[in-house]
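In: Okay, structure incoming, though there's no sequence with it:
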Ligand code: BGC
């Protein structure tokens, strides 16, 4: 399938991350080397060869710092060490070295908005008096009401309930309240505090010194709060409509936060200058659906190197919306010279197979923007998988970098039927089950068909089973079987990552006219990419594939010189004049 005439990608002076494929490892669910039912760093080391074969450039490890795991690592108790369940600093150093040997870079996940309520600073703040420097690292406020019994303002937490919790003062009296935008176990840092800003400067350098190549930066959209912490406006429909990005205007997208990110960038640029040869990257997590202007603010040249373009992940299976989700962001970001960063899955979102397999996937009316909310539309996983394979083929051809989430290369669906007593995501408990939460995309990976070792997730049979139960038939997605199967999803991903390397990274995205509402088509260099969201095969219109080489009575003998199928998400499809239903093809179609 490879076409030797096409140019090879990559440019000597181009930063590696601009076109990188980064693989997100949810450490707890990736591979367990010691049989405790939870993934660990040694488990990752054991599977690096498979990741190398997948054709990735970097791994991003979800938070692996010491943590009570109330939000599975997004509640950090110590930013300078490794969670003991996952290993220690020596194991981390071994992982970085083993990854480097295979040409894989390592990125960590930094959580700047909040820490764990078990962090030494927070414990010190609770033990210290009102108004103390210890308390100023967080947001401690007196309550309202006659005895301070009411929260300081009306803010609500992202994961349900009020955003404030009252402490008991050291003398036993009911005391001040502290702010937590997520859960009570995640107190928000006050970024107006020098201590906080210094702490994160030190953290960045600490991990860079250990060989880390970059950071995914968690929840940047809520870092820094409006002065005075005013009550948020009560959201009526009209107000919601004017606030496309949603949420509390005194919490979300505070302009002053950009100063913090500028400061980080200075730290990073300086580190690079001090360490010639190191090219570091930060990718920020900010959900800005429909607001590329907001997204752009995070990737100004003096801030983050990248920021996830989540719009594509959030759209239904509707061609004009898929196109718009890419086009709007592309226009604004690439117009400003900023990097593009695509992803279809992560540890917070229902898996693509399930999203696209839902009966409502093609309906704008019933599509929920928030993939975390349970919808009971039935799921056809076969259709969902076919669409997910098409969508990754489409996305992999876009200019920019690509972030994969572990298990998508196996075609894993969301596990929807976990029993309530096994659900661990605080989102489930904090919303009283109204939102089923994110456990279903965090089920431990199936590496082989051996049910006694949790399908190879554990190196030895885990004494109490894996931390989240796997479906009984999870073995049918096993990595080992897929690796040997030319028709598997894993093989498709491997081939796709290889094809992607041959793309001309500097070729811009040129949209091809979309007169047919079932298709999204674009050109990059000599490659034309067409996604067909309809169930049936579509003959390519002349504007996508010029007719002169496609006479009605069949292809001329030399047509392949102009058009051939370079990659198809549907195996065995080699006919360049059409695209199968729910599929994506890459055509070799040089400009003439
Ligand atoms: C992470 C979540 C986490 C939250 C709080 C996010 O955006 O991706 O997994 O629960 O931040 O840290």
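Out: Received, thanks. No experiment lies behind these values; they were computed from the predicted model shown. Numbering: from 1, shown residues only.
In: so which strand or helix has the spatially most central residue of the chain?
Out: In the chain, the centroid-proximal residue (C-alpha atoms, centre = their mean) is residue 346; its distance is 4.0 Å. Assigned by DSSP states H and E, residue 346 falls within no helix or strand.
In: Quick check: it vs the ligand, distance?
Out: As judged by C-beta to the nearest ligand atom, to the nearest Å, residue 346 and the ligand stand 7 Å apart. The C-beta positions use only the backbone N, C-alpha and C, and glycine is treated the same way.
In: for the nearest residue to that residue once chain neighbours are set aside, what are its contacts?
Out: Of all residues not flanking residue 346 in the chain, residue 405 sits nearest, at 5.0 Å (C-beta to C-beta, 6 or more residues apart in numbering). Contact partners of residue 405, counting by C-beta atoms under 8 Å, 6 or more residues apart in numbering, are 23, 24, 26, 343, 344, 345, 346, 347, 441.
In: And residue 35, by the same measure?
Out: Contacts of residue 35 (C-beta under 8 Å, 6+ apart): 458, 459, 460, 461, 462, 463.
In: Give me the residue ranges of the protein where confidence is low.
Out: The chain contains residues with pLDDT under 70 at 1-12, 235-246, 367-375, 546-562, 592.
In: for the ligand, what are the nearby residues on it?
Out: Contact residues (C-beta under 6 Å from any ligand atom) of the chain with the ligand: 71, 74, 111, 182, 218, 219, 285, 347, 348.
In: Of the residues you listed, grab the buried ones for PyMOL.
Out: Per 16 or more other C-beta atoms under 10 Å, the buried members of the residues of the chain next to the ligand correspond to this PyMOL selection:
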select buried, resi 71+74+111+182+218+219+285+347+348
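In: Between the residues of the chain next to the ligand, which sits nearest the ligand?
Out: Relative to the ligand, the closest of the residues of the chain next to the ligand is residue 74; by C-beta to the nearest ligand atom it sits at 3.3 Å.
In: you'd agree the closest one is up against residue 112?
Out: No. Taking contacts as C-beta atoms under 8 Å, residue 74 lies outside contact range of residue 112: 11.3 Å.
In: Pull up the overlap in contacts between these two.
Out: Shared contacts of residue 74 and residue 112 (C-beta under 8 Å, 6+ apart): residue 218.
In: re the thing from before, let's have the contacts of residue 35 in JSON lines, adding neighbour count.
Out: Below are the contacts of residue 35 laid out as JSON lines (neighbours: other C-beta atoms under 10 Å):
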{"residue": "458", "neighbour count": "26"}
{"residue": "459", "neighbour count": "17"}
{"residue": "460", "neighbour count": "12"}
{"residue": "461", "neighbour count": "13"}
{"residue": "462", "neighbour count": "20"}
{"residue": "463", "neighbour count": "9"}
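In: how about those, which pair is most distant?
Out: Farthest apart among those by C-beta to C-beta are 459 and 463. That separation is 12.7 Å.
In: For the stretch 51-200 of the chain, which segments count as strands?
Out: With strands called from DSSP state E, counting those that start in this stretch, the stretch 51-200 of the chain shows them at 58-61, 105-110, 140-141, 164-168, 174-179.
In: nope, the stretch 301-450 of the chain is what I meant
Out: Assigned by DSSP E, counting those that start in this stretch, the strands in the stretch 301-450 of the chain fall at 306-307, 341-343, 401-405.
In: Switch those over to a markdown table; also include distance to residue 572.
Out: As requested, those are arranged in a markdown table below (distance: least, C-beta to C-beta, whole Å):
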| stretch | distance to residue 572 |
| --- | --- |
| strand 306-307 | 36 |
| strand 341-343 | 27 |
| strand 401-405 | 24 |
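In: Please identify the most buried of those.
Out: Among the strands of the stretch 301-450 of the chain, ranked by average contacts under mean count of other C-beta atoms under 10 Å, first place goes to strand 306-307 (a mean of 26).
In: what's that one in contact with?
Out: Strand 306-307 is contacted from outside by 17, 220, 281-286, 295, 298-299, 339, 341, 401, using C-beta under 8 Å, 6+ apart.
In: now, among the residues you listed, which is nearest to the ligand?
Out: Distances from the ligand to the contacts of strand 306-307, taken by C-beta to the nearest ligand atom, are shortest for residue 285, at 5.4 Å.
In: Correct me if wrong: the closest one contacts residue 218.
Out: Yes. Residue 285 is within contact range of residue 218, at 5.6 Å (criterion: C-beta under 8 Å).
In: what are the ranges of the helices in the stretch 451-592 of the chain?
Out: Here the stretch 451-592 of the chain has its helices, by DSSP state H, counting those that start in this stretch, at 479-483, 489-501, 559-562.
In: got the angle for the longest one vs strand 401-405?
Out: Read that as helix 489-501. Here helix 489-501 points in a direction 170 degrees away from that of strand 401-405 (axes from the mean of the first three to the mean of the last three C-alpha atoms, to 10 degrees).
In: Run the chain-centre distance for helix 489-501.
Out: Distance, stretch centre to chain centre, for helix 489-501: 19 Å (C-alpha atoms, centre = their mean, to the nearest Å).
In: next one: the first one
Out: Shown here is helix 479-483, whose average C-alpha point lies 24 Å from the average C-alpha point of the whole chain (C-alpha atoms, centre = their mean).
In: Give me the contact list for that helix.
Out: By C-beta under 8 Å, 6+ apart, the surrounding residues in contact with helix 479-483 are 50, 53, 410, 445-449, 456, 488-491.
In: mind pulling up the phi and psi values for the residue of the stretch 401-550 of the chain found nearest the ligand?
Out: For the stretch 401-550 of the chain, the residue closest to the ligand is residue 438, as judged by C-beta to the nearest ligand atom, at 6.9 Å. Main-chain torsions, residue 438, degrees, to the nearest 10: phi -110, psi 10.
In: thinking it is in contact with residue 424, fair?
Out: No. Between residue 438 and residue 424 there is no contact, the gap being 9.3 Å when judged by C-beta under 8 Å.
In: In terms of neighbours, single out the busier of these two.
Out: Neighbours were counted for residue 438 and for residue 424 using other C-beta atoms under 10 Å; residue 438 has more, 23 against 19.
In: Spatially nearest residue to the more buried one, not counting backbone neighbours?
Out: Nearest non-adjacent residue to residue 438, counting by C-beta to C-beta, 6+ apart: residue 425, 4.9 Å away.
In: and the gap between the closest residue to residue 442 other than its chain neighbours and the ligand?
Out: Among residues not flanking residue 442 along the chain, residue 29 sits closest, at 5.1 Å (C-beta to C-beta, 6+ apart). Distance, residue 29 to the ligand, using C-beta to the nearest ligand atom: 13 Å.
In: what's around residue 29, how many residues?
Out: Neighbours of residue 29 (other C-beta under 10 Å): 26.
In: Return the residues in contact with it.
Out: With contact set as C-beta under 8 Å, 6+ apart, residue 29 has these partners: 39, 406, 442, 443, 444, 445, 457, 466, 467, 468.
In: is it true that the fifth one touches residue 457?
Out: Yes. Between residue 444 and residue 457 there is a contact under C-beta under 8 Å: 4.1 Å.
In: for stretch 463-479, which positions count as buried?
Out: Applying a neighbour-count criterion of 16+ other C-beta under 10 Å, one finds 466, 467, 468, 469, 470, 471, 474, 475, 477, 478, 479 buried in stretch 463-479.
In: want to try JSON lines for those, with distance to residue 396 as columns?
Out: Output for the buried residues of stretch 463-479, formatted as JSON lines (distance: C-beta to C-beta, whole Å):
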{"residue": "466", "distance to residue 396": "30"}
{"residue": "467", "distance to residue 396": "31"}
{"residue": "468", "distance to residue 396": "29"}
{"residue": "469", "distance to residue 396": "32"}
{"residue": "470", "distance to residue 396": "28"}
{"residue": "471", "distance to residue 396": "28"}
{"residue": "474", "distance to residue 396": "26"}
{"residue": "475", "distance to residue 396": "27"}
{"residue": "477", "distance to residue 396": "21"}
{"residue": "478", "distance to residue 396": "23"}
{"residue": "479", "distance to residue 396": "20"}
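In: For residue 248, state which of those is nearest.
Out: Among those, residue 468 lies closest to residue 248 (C-beta to C-beta), at 31.2 Å.
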